[in-house]
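Colleague: here is my input, please return the structure:
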Amino acid sequence: MVSGWDEELAGGHTPETEEYGIRSVTYRASRPFHPSRLEAALGQFAGLLRSKGFCWIASRPEFAAIWSQAGPNLVIEPAQLWASAAEVPGQEIVFIGVKLDPAAPSQILDPALLTDDELREGPRAWTRYEDPLPAWDRSHVH
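Modeller: Okay, the predicted model is just below:
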């Protein structure tokens, strides 16, 4: 037998998640992100390996967006109209990182959500918010 296999088979293996401190955290919220505050929040993440899920951006209220990040590359692109989605509008993003603080996604992203006053303004007002995020080719919907 190859050296080390007998130990693996005997149950002496340490999972990589424990060995390297890899953890996942799911972030959920029922409010849309304010686009400017979201853009500012994105620079606060450190040590992320991957994040993925769907999100809701106030300035683009009709679209569910796909959130896909690997290493330093993050893409947020339109997925489908919320009206035709099986999901309720909101945020559901899984973050995977090395020694990821379970509270970090909420601490970073909660301030980017719409406030009570902004939420009351409604989608017509939200579309007028400054939006520094990359423009979408709306013909490219998943």
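
Colleague: pLDDT at the most centrally placed residue in the chain, what is it?
Modeller: Centroid-nearest residue in the chain: residue 93, 3.7 Å away (criterion: C-alpha atoms, centre = their mean). As summarised for this prediction, residue 93 has a pLDDT of 98.

Colleague: just the one 4 residues further on next, same as before
Modeller: As summarised for this prediction, residue 97 has a pLDDT of 93.

Colleague: ok, residue 64 touching residue 82?
Modeller: Yes: the criterion here is C-beta atoms under 8 Å, and residue 64 meets it with residue 82 at 5.2 Å. For glycine as for every other residue, the C-beta is placed from the backbone atoms N, C-alpha and C.

Colleague: spit out the residues that contact the two alike.
Modeller: With contacts defined as C-beta atoms under 8 Å, 6 or more residues apart in numbering, the residues adjacent to both residue 64 and residue 82 are 56, 89.

Colleague: fine, thanks again, bye for now.
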